[in-house]
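S.K.: kindly return the folded structure for what I paste below:
(one chain, ligands or ions: 1)
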Amino acid sequence: MKKSLLTVAVVLGIASVSKAQTKIPPDIEKLLQKNTCLACHKVDTRLVGPAYVEVMKKKKYKPEQIVELIYKPNPKNWEGYPPMAALSNVPKDEALKIAKWITTLK
Ligand code: HEC
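M.R.: Numbering: from 1, shown residues only. Down below sits the predicted model:
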């Protein structure tokens, strides 16, 4: 009895961990919302812009490169998409936090 309860707990634990990978951590979500990223991007589905997992699959960026692209997008990287507006008013530390999180996505 005890053992089966433990099994259930372990299975539930694994399920919530794998779900957490595509879930946006609350502090990052706040930044994405504040800086309007979520209007055009989702983690794993195409919206106006490419899904963040798609970005990492295709490009394998370093955080610094993503920060650069937030300030100065390069639409040539994404054929078939409208050009992303340059978001020069995103604070640098926030851009870096977002960028670091994007690089953790698979
Ligand atoms: C108005 C819609 C819009 C908003 C707002 C927006 N994006 Fe984008 N984003 C796009 C589109 C469209 C593309 C693909 C075309 C391009 O890169 O210009 C893109 C591309 C990207 C790329 C890939 C860049 C590359 O060249 O490979 C990253 C990373 C990205 N966006 C991150 C962000 C982040 C972070 C924010 C918020 C700070 C944000 N975007 C806000 C529409 C948007």
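
S.K.: wait, what's in contact with the nearest residue to I102 once chain neighbours are set aside?
M.R.: Nearest residue to I102 in three dimensions, chain neighbours excluded: Y52, at 5.1 Å (C-beta to C-beta, 6 or more residues apart in numbering). For the C-beta atoms, the positions are set from N, CA and C on the backbone; glycine is no exception. Taking C-beta atoms under 8 Å, 6 or more residues apart in numbering, we find Y52 in contact with H41, K42, V43, D44, I102, L105.

S.K.: same question for H41.
M.R.: H41 neighbours (C-beta under 8 Å, 6+ apart): L32, L47, V48, G49, P50, A51, Y52.

S.K.: near the ligand, which residues of this protein?
M.R.: 35-37, 39-41, 48-50, 55, 59, 66, 69-70, 73-75, 77-78, 81-85, 87, 90, 98, 102 (C-beta under 6 Å from any ligand atom).
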